[in-house]
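Using only what follows, build the 3D model:
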Amino acid sequence: MARWLVGLVLFSTSGFSAAALAETSILALLSDEGNITPQSLFLQVERDYPGTLSDFEIDVENGELIYELSIIDPKAETITEFEFKAKDGHLIRQQVEVLETDDRDELIAVNLMNDKSLAFSTLVEKAMENKQAYILEAQLDHDLGISYLELKLIDANGKSKLAFDIESLRPLPLLKWD
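Residues are numbered from 1 along each chain as shown. Here you go, the predicted structure:
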């Protein structure tokens, strides 16, 4: 029993240090000034492709930072997924699919943004006002009658999340957590 408990403690401790190491590694990649920022990529994609950005996340492949984005085009009833290299903004992959029922919540949020003439980049900028953090994920969603942007951020203090109401352009304190 004692060996099992010691093993569990060692495993748990190594898991925490591995998580901290992974956060440090991602933070180092995100803070590399050689990469284009997600916000710059948002502006480029909004200019170059039809539809509204609805989702963003980062990925690391072979030590290289990759930006993954989705655009919903309500008129064409499609969702387009993209992968870009963070180093130079080079398009790696683009895949277009027909909107499905599980895309409904994002579509509701996209339609509200379009009704308000809001761009994803503008919404992210407003949500991150006075925040000194890097974006890990940003996604439009609609739940409980509220359309919002959910952001997952990271800084030297660790990860955090926040939600930002698209209608009122204010943080949602009930959905804000650290």
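
For the residue most central in space within the chain, which three-state class applies?
For the chain, the residue nearest the mean C-alpha position is E137 (1.7 Å; Cα atoms, centre = their mean). Three-state call for E137 (DSSP: H, G, I helix; E, B strand; the rest coil): strand.

Quick check on I79: phi, psi?
phi -130, psi 130 (degrees, to the nearest 10).

Please disregard the earlier target; I meant G63.
Per degrees, to the nearest 10, the backbone of G63 is at phi 80, psi 0.

Same check on N157?
phi -90, psi 0.

Neighbours of it, how many?
N157: 8 surrounding residues under other Cβ atoms under 10 Å. Where you see a C-beta, it was placed from the backbone N, CA and C, and this is true even at glycine.

need the strands for this structure, in chain order.
Secondary structure of the chain by DSSP state E: the strands cover 52-61, 64-73, 78-85, 91-98, 134-143, 146-155, 158-165, 170-171.

What is the shortest one packed up against?
If I follow you right, that is strand 170-171. Judged by 3 or more Cβ pairs under 8 Å, 6 or more residues apart in numbering; DSSP states H and E, the packing partners of strand 170-171 are strand 158-165.

Output the strand it packs on as PDB, restricted to C-alpha atoms.
Taking Å, rounded to 0.1, in the frame of the first residue of the first chain, the C-alpha atoms of strand 158-165 are listed here in PDB:
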ATOM      1  CA  GLY A 158      -0.900  30.600 -16.000                       C
ATOM      2  CA  LYS A 159      -4.100  30.000 -17.900                       C
ATOM      3  CA  SER A 160      -7.400  31.900 -17.500                       C
ATOM      4  CA  LYS A 161     -10.700  32.100 -19.300                       C
ATOM      5  CA  LEU A 162     -13.200  34.800 -19.800                       C
ATOM      6  CA  ALA A 163     -16.500  35.300 -21.700                       C
ATOM      7  CA  PHE A 164     -17.500  38.500 -23.500                       C
ATOM      8  CA  ASP A 165     -21.100  39.300 -24.400                       C
END
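
Could you give the average pLDDT over that strand?
Across strand 158-165, pLDDT averages out at 93.

quick revisit: Throw the strands of the chain into a markdown table and include distance to S31, thanks.
Formatted as a markdown table, the strands of the chain follow (distance: least, Cβ to Cβ, whole Å):
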| stretch | distance to S31 |
| --- | --- |
| strand 52-61 | 12 |
| strand 64-73 | 11 |
| strand 78-85 | 17 |
| strand 91-98 | 22 |
| strand 134-143 | 7 |
| strand 146-155 | 10 |
| strand 158-165 | 15 |
| strand 170-171 | 25 |
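
closest one to L118 among those strands?
Closest approach to L118 among the strands of the chain is made by strand 52-61 (8.8 Å; Cβ to Cβ).
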